[in-house]
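Chemist: Show me the folded form of this:
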Amino acid sequence: MRQFKIVVEKHPDGYVAYPLGLKGVVVGQGDTYDEALSDVKSAIRFHVETFGKEVLDVEPPILEAFVAEAGIEV
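Modeler: The predicted structure follows:
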């Protein structure tokens, strides 16, 4: 079993989730947090099955992920 860092965003019309540190674009969505997380896990499995384990070879690996909020005058 491999661990992934997954970002889950809440939008007005549902949730969107995507993994960090994976080659290619993988996105999941759902009406709830759990649905989006389940969908992106399924999408990751499909992505690896389709394109091979090479999509897991990302250098350098992501050690930690942070979400920050900053006010910027534009």
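Chemist: Distance from the chain centre to stretch 54-74, please.
Modeler: 11 Å (CA atoms, centre = their mean, to the nearest Å).
Chemist: Could I get the average pLDDT for stretch 35-44?
Modeler: The pLDDT scores in stretch 35-44 average 98.
Chemist: Name the surrounding residues that touch that stretch.
Modeler: If you take CB atoms under 8 Å, 6 or more residues apart in numbering as the criterion, stretch 35-44 is touched by 4, 6, 8, 14-19, 22, 26-30. Placement of C-beta: from N, CA and C, glycine included.
Chemist: ok, of those, which come out buried?
Modeler: With neighbours counted by 16 or more other CB atoms under 10 Å, those contain buried members at 6, 15-19, 22, 26, 28-30.
Chemist: Now pLDDT and secondary structure too, for those, in TSV please.
Modeler: Shown next, in TSV, are the buried ones among the contacts of stretch 35-44 (pLDDT from 0 to 100; DSSP: H, G, I helix; E, B strand; the rest coil):
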residue	pLDDT	secondary structure
Ile6	96	strand
Tyr15	98	strand
Val16	98	strand
Ala17	98	strand
Tyr18	97	strand
Pro19	96	strand
Leu22	94	coil
Val26	97	coil
Gly28	98	strand
Gln29	98	strand
Gly30	98	strand
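Chemist: Val48: which of the residues you listed is nearest?
Modeler: For the buried ones among the contacts of stretch 35-44, the minimum distance to Val48 (CB to CB) is 8.5 Å, reached by Leu22.
Chemist: Could you check how far the closest residue to the closest one other than its chain neighbours is from Phe4?
Modeler: For Leu22, ignoring the flanking residues on the chain, the nearest one in space by CB to CB, 6 or more residues apart in numbering is Val55 at 5.8 Å. Using CB to CB, to the nearest Å, Val55 is found at 11 Å from Phe4.
Chemist: so what sits against both of those two?
Modeler: By CB under 8 Å, 6+ apart, Val55 and Phe4 have these common neighbours: Leu22.
Chemist: which residues are contacting stretch 48-58?
Modeler: 2, 21-24, 47.
Chemist: In PyMOL, select just the buried ones from those residues.
Modeler: Here is the PyMOL command that picks out the buried ones among the contacts of stretch 48-58, judged by 16+ other CB under 10 Å:
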select buried, resi 22+47
